[in-house]
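**Student:** with the input below, show me the fold.
(one chain, ligands or ions: 1)
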Amino acid sequence: MATSSLSNTYDSEEFRRHGHELIDILADYLRDATSRSDMPVLDYREPDELVSEFDFDNPANRNLPLDGFIRKVIANMNHMHHPRFVGHQNTPPLTAGVIAQMCTTLLNNGVAVYEMGPASMAAERNVIRYMARLIGFGADADGIFTHGGSAGNLTGLLAARQAMSEYNIWEEGVRHDRPVGIIVSDQSHYSISRNAKVIGLGGRSVIRIPYDSRYAMSTGLLQETMQKAGEQGIRVICVAANACSTSTGTYDNLEEIAAFCRENRLWFHVDGAHGLGVLFSDKYRHLVRGLEHADSVVIDFHKMLLTPGLNTMVLFRDGRRSYETFAQKAGYLFEKHDGNEWYNGARRTLECTKSALGIVAWAVIKYYGGETLGNYVDSRYDLAKRFGEAILHTGGMELAVTPESNIVCFRYAPEGIAADKLNDLNRLIRKAVIQSGEFYLVQTELEGNIWLRTALMNAMTDDSDLERLIGTVKRYGGELAGTLT
Ligand SMILES: Cc1ncc(COP(=O)(O)O)c(C=O)c1O
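**Tutor:** The predicted structure is shown next:
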């Protein structure tokens, strides 16, 4: 099919043919990507070169059939299914989730209100109840799905702002004579501080608390931090904790933060976008002890719950907070303006039209179950620990911090290379490794130092892959060290 007219695009037989072709292409892709074949993890091309590749006027695109286009897309994307994809916190999604999402994509309900996606709201409600029980929330808990952890954190902080304001902030806007503040870990995801600014609290409202040697929030400094803010005229309303942090995968001490928030009547927000897969793990659940006291919690299903993205849940211990967050009037959508209509989701999110996220999350939980998800989390966290050990025992390599989750930060730092050259060297190593297509990994900066960073998301990555990664990093490191001036 070079181009398609509207008259035949809905032809069921044509769709069946293209659909079967697509599944065949994707199944071949899965076979190649998961089999440690020669397929590059990422066939890196410079951005401008790829723009020309997709130029409508490029002769190669003139008669490009749909299946050719799909193959071209696959060739020019990063391959999460490859066991040597160890980069960002993106997941090779479980196939039942993918199939559910293919279905919801075709049905294309814009789940703002119940009538525009009844099954999605019903599925969403059940997944919310399921997750609330796992956390240990009571019957009053409620939540809502949203597109991504950044939007989830925004929803949580808006709820905090609404609940903790001493005036009608929704109508009056932020009053600069009564500034409020949010205590955030210096290791929090940037969406926390960005969102504090987005909701009008201003840069001053973001009160960063130092981290300890694990890169966890120094909870011993909470009292002093709040007092100092008070001396500057800022009333602290919320503490936002990490479960776990993005850079190093470290868990803040939620029990201590919860106790502090309770004593000081503060909103307790937990950004668990990455690390709340541990709710399914008997072995690692202890890392989030105290989570049940949180006022708002964010969980990305599209990270450690192996769900196609974006798919995020925001949960509130007291579900009423979810209904107060957005006091929006939209007469054409909502028939009544009172009552907690859980089924009209747009009342409680930033978004109006929303994908059928509940159906996809439901499929993942139903067709894999808590035990499988828990085993997956255990295996990735255990693997990260072994990888950390292997780095410690390899000459010329350094580990930033003992891994607590599936995130590991390390660098090539052999003797004889000046400390001020190490950042450039590790940047160059990363670039060489990803351009070789052998692995995809990322980097992070901690206290001015560049570290190579892996998030072990792929269930097929094993010790032999990571052993090979160490060898690859050392090989490029050795070659590149000589090029540094
Ligand atoms: C701890 C944490 N919070 C929030 C986010 C943002 O999530 P999203 O990319 O789904 O917007 C991330 C993303 O990496 C994260 O690691």
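**Student:** where does the chain dip in pLDDT?
**Tutor:** 1-4, 327-339 (pLDDT under 70).
**Student:** tell me, which helix in it spans the most residues?
**Tutor:** Counting residues, the longest helix found in the chain (DSSP state H) is helix 357-392.
**Student:** list the contacts of whichever residue of the chain sits closest to the ligand.
**Tutor:** Nearest residue of the chain to the ligand (Cβ to the nearest ligand atom) works out as residue 149 at 2.6 Å. For every residue, glycine as well, the C-beta is placed using N, CA and C. Taking Cβ atoms under 8 Å, 6 or more residues apart in numbering as the contact definition, residue 149 lies against 189, 191, 271, 273, 274, 298, 300, 303, 312.
**Student:** how does it look with 7 Å?
**Tutor:** 191, 273, 298, 300, 312 (Cβ atoms under 7 Å, 6 or more residues apart in numbering).
**Student:** nearest residue to it in space, ignoring adjacent ones along the chain?
**Tutor:** residue 273 (3.4 Å; Cβ to Cβ, 6 or more residues apart in numbering).
**Student:** quick one: that neighbour and residue 300 touch, right?
**Tutor:** Yes. The criterion here is Cβ atoms under 7 Å, and residue 273 meets it with residue 300 at 4.2 Å.
**Student:** which residue ranges form the helices in the stretch 351-485 of the chain?
**Tutor:** 357-392, 422-436, 463-481 (DSSP state H, counting those that start in this stretch).
**Student:** close to the ligand, is the longest one?
**Tutor:** No. Contact between helix 357-392 and the ligand, assessed by Cβ under 6 Å from any ligand atom, is absent, since the two come no nearer than 12.0 Å.
**Student:** elements contacting that helix?
**Tutor:** Other helices and strands packing on helix 357-392, by 3 or more Cβ pairs under 7 Å, 6 or more residues apart in numbering; DSSP states H and E, are helix 95-107, helix 118-135, strand 397-399, strand 407-412, helix 463-481.
**Student:** try 6 Å this time
**Tutor:** With contacts taken as 3 or more Cβ pairs under 6 Å, 6 or more residues apart in numbering; DSSP states H and E, helix 357-392 sits against helix 95-107, helix 118-135, strand 397-399, strand 407-412.
**Student:** how about the second one?
**Tutor:** Helix 422-436 sits against strand 449-455, helix 463-481, with contacts defined as 3+ Cβ pairs under 6 Å, 6+ apart.
**Student:** that one to strand 449-455, inter-axis angle?
**Tutor:** Angle between the axes of helix 422-436 and strand 449-455 is 30 degrees (criterion: axes from the mean of the first three to the mean of the last three Cα atoms, to 10 degrees).
**Student:** in helix 422-436, what's buried?
**Tutor:** 422, 423, 425, 426, 428, 429, 430, 432, 433, 434 (16 or more other Cβ atoms under 10 Å).
**Student:** residues of the chain that sit close to the ligand?
**Tutor:** Looking at the ligand, the residues of the chain close enough under Cβ under 6 Å from any ligand atom are 89, 148-150, 153, 189, 191, 246, 271, 273-274, 300, 310, 312.
**Student:** please redo it, this time with the cut-off set to 5 Å
**Tutor:** Residues of the chain lying near the ligand by Cβ under 5 Å from any ligand atom: 89, 148, 149, 150, 189, 246, 271, 273, 274, 300.
**Student:** turn those residues into CSV, including secondary structure.
**Tutor:** Formatted as CSV, the residues of the chain next to the ligand follow (DSSP: H, G, I helix; E, B strand; the rest coil):
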residue, secondary structure
89, coil
148, coil
149, helix
150, helix
189, coil
246, coil
271, strand
273, coil
274, coil
300, strand
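**Student:** restricted to buried residues, select those in PyMOL.
**Tutor:** Burial among these is assessed by 16+ other Cβ under 10 Å; the matching PyMOL selection reads:
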select buried, resi 89+148+149+150+189+246+271+273+274+300
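**Student:** list just the nearest of the residues of the chain next to the ligand to residue 183.
**Tutor:** residue 271 (12.9 Å; Cβ to Cβ).
**Student:** now do the contacts for the closest one.
**Tutor:** By Cβ atoms under 6 Å, 6 or more residues apart in numbering, the residues touching residue 271 are 153, 242, 298.
**Student:** dump those residues into JSON lines; add secondary structure as well.
**Tutor:** Shown next, in JSON lines, are those (three-state DSSP):
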{"residue": "153", "secondary structure": "helix"}
{"residue": "242", "secondary structure": "strand"}
{"residue": "298", "secondary structure": "strand"}
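**Student:** by neighbour count, which of these wins?
**Tutor:** Most neighbours among the contacts of residue 271, by other Cβ atoms under 10 Å: residue 298, with 32 neighbours.
**Student:** residue 316 versus that one, what's the distance?
**Tutor:** To residue 316, residue 298 is 11 Å away according to Cβ to Cβ, to the nearest Å.
**Student:** now residue 446: closest residue in space that isn't a chain neighbour?
**Tutor:** residue 400 (5.8 Å).
**Student:** and the one you found, backbone torsions?
**Tutor:** Main-chain dihedrals, residue 400, degrees, to the nearest 10: phi -70, psi -40.
**Student:** test my guess that it contacts residue 407.
**Tutor:** No. At 9.9 Å, residue 400 does not count as touching residue 407 under the criterion of Cβ atoms under 6 Å.
**Student:** alright, I will stop here.
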